Structures are given as structure tokens and as C-alpha cells.
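Asker: This is the structure alone, sequence omitted:
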Ligand code: ADP
Ligand code: MG
């Protein structure tokens, strides 16, 4: 089943077109990684799926619903950014539950969902701490926890690991993979890091200058790059 579908999606800022009529179909529970050099339109594409940017043309569907005009909160998505904005004055527990609280979920349900997310991400010991007392990796886990508690159909990640040091980045990759296996939601993940893309993706989408150059499994793209750009970006042997 197709979970997210982009059809001839265009983004313009004034006269400048930064995403040129892209098509992309993402299946239910698939882990898809958008990768490409800085400025190629990855974040813009993700933000259009999220509803944080209006689209200038085309159609975006989530599930079987056209969402072109829908507000982010009505799209059944959760987004995790690279600068994981936690509420500094709230404990981990309250950070995790806040989104559900403002959506007016019953207190008992909030508690259950928060406990479950904490268990999945190993946050149990940290629940009463403030963000200032957490390491970078722990903060990132809380940011992911906040996305999980909402139990969306689709997770959107924009370079969630780019502020972490190399060792932690590798560790968090494993965590994200585990998270995907466990909750089995659809994930659209943006990175400029080829290795991260190749390790995480079921399918990888290689972008350049607002176009999609190639879509395929990491192996397909590595073994059969469609052009020299893809080959050199992915590091395929010549
Ligand atoms: P990436 O995430 O791949 O690095 P972006 O999607 O952030 O790339 O940006 C794609 C292009 O759109 C870039 O050329 C960027 O300068 C431009 N861009 C992004 N946001 C805006 C904006 N708000 N106004 C004008 N241009 C923008
Ligand atoms: Mg970006």
C-alpha cells in the first residue's frame, strides 16, 4: 500500500524554483532516505510532506487523502529535526507528554503512551531530568520519543543526527533501525551523509538541484548508478 505519494510536486520561492516536479511513491512501513548535496531540496521536500511549506504545484497524498491544503497537525505525521527543540523548563516526562496534553488526550492514556515511548527508547532513568542535564544523544532520544508518543503513520526526520559526534551518530543509527523494526511505521529520512543513507534505507532517493536522480535499494543504486553523479556521490567503483 502506498503511504506517501508525491506527484509532480513543485516548490518555488518567488521566481526561484527549488524543487522541479518530482514524483515519489513511498510504501507503508518503508524506510526511505532522501540524500544529496547541501541545497538540493531535501528539507524543502520533507517540509512540504509535513505541511510546513506550501507546495507551488502538484499533489501530495498521505494514505488515500490529498493533503495539499491540510495543516501539519491533520496529516498524521511526526517530524524530528536536527536541532531537537525540547522545552528547557520541562522534565523529560513532561516533554514527552506535552503534545498529547495540548491535543487533550486523557491523562491515563498520556501516561501509558509516555511510558511505552520511554521503554522503547531507554529513557526510564531520565524521566525526571531537565533537558540541560542530558547528553546530546539523550536529548535526541527524547526528541524521537516525542514523535513516537503521537503514534503517527509517518515519521519525518531531517538530519536528526548531524549535531552528534561520530561515535554517537553510529550508535543512534542502530537505535533508529531498531525503532523502525519495533513500531514499523513509514519513515522518510533526510541526510546529506551517504553512509547514513546506505545503512538506514530500504530505498534511497538521490537528489540533485531539485530533481530526483535515482530511486532504488542501496544495493541497486550502488551496483547500477544511473549516471556519474550518482556513482560518485554513492562511491560506486568506476
Ligand atoms: P537541503 O535540505 O537539500 O540542503 P533545502 O531544501 O534546504 O536543501 O534548500 C533547497 C534550495 O531552496 C536551496 O537553494 C535553498 O537556498 C533554497 N531555499 C530554502 N528555503 C528557502 C526560503 N525560505 N527562501 C528562499 N530560498 C529557500
Ligand atoms: Mg536540509
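Answerer: Happy to help now that I have it. The structure presented is a predicted model; accordingly, all values stated were derived computationally and were not measured. Numbers count the residues shown, from 1 in each chain. Ligands and ions are numbered 1, 2, ... in the order given.
Asker: For residue 10, list each beta-bridge partner.
Answerer: Counting by DSSP bridges, residue 10 forms beta bridges with residue 57.
Asker: From residue 68, how far out is it?
Answerer: 12 Å (C-beta to C-beta, to the nearest Å). Glycine gets a C-beta too; all of them are placed from N, C-alpha and C.
Asker: Mutual contacts of these two, please.
Answerer: Both residue 10 and residue 68 are contacted by residue 55, under the criterion C-beta atoms under 8 Å, 6 or more residues apart in numbering.
Asker: Test my guess that residue 31 contacts residue 201.
Answerer: Yes: the pair residue 31 and residue 201 passes the contact test of C-beta atoms under 8 Å, sitting 5.9 Å apart.
Asker: any common contacting residues for these two?
Answerer: The contact lists of residue 31 and residue 201 share residue 189, where a contact means C-beta under 8 Å, 6+ apart.
Asker: Show me which residues of the chain are close to ligand 1?
Answerer: Within reach of ligand 1 by C-beta under 6 Å from any ligand atom, the chain has these residues: 13, 18, 36, 38, 39, 40, 41, 42, 43, 44.
Asker: out of those residues, what pair is the most spread apart?
Answerer: Within these, 13 and 36 form the most distant pair, 18.1 Å apart (C-beta to C-beta).
Asker: Among these two, which residue is more densely surrounded?
Answerer: residue 36 (26 against 11; other C-beta atoms under 10 Å).
Asker: can you map out the helices along this protein?
Answerer: Along the chain, counting by DSSP state H, helices occupy 42-50, 92-102, 107-121, 136-149, 166-183, 194-200, 218-223, 228-234.
Asker: tally of neighbours for residue 107?
Answerer: 10.
Asker: Okay, now the unreliable bits of the protein?
Answerer: Where the chain drops to pLDDT under 70, the residues are 82-83.
Asker: Report the central residue of it.
Answerer: By C-alpha atoms, centre = their mean, the mean C-alpha position of the chain lies nearest to residue 157, the distance being 1.9 Å.
Asker: Go ahead and confirm it touches residue 189.
Answerer: Yes: between residue 157 and residue 189 there is a contact at 4.3 Å, judged by C-beta under 8 Å.
Asker: Between the two, which contacts overlap?
Answerer: Common neighbours of residue 157 and residue 189 (C-beta under 8 Å, 6+ apart) are residue 176.
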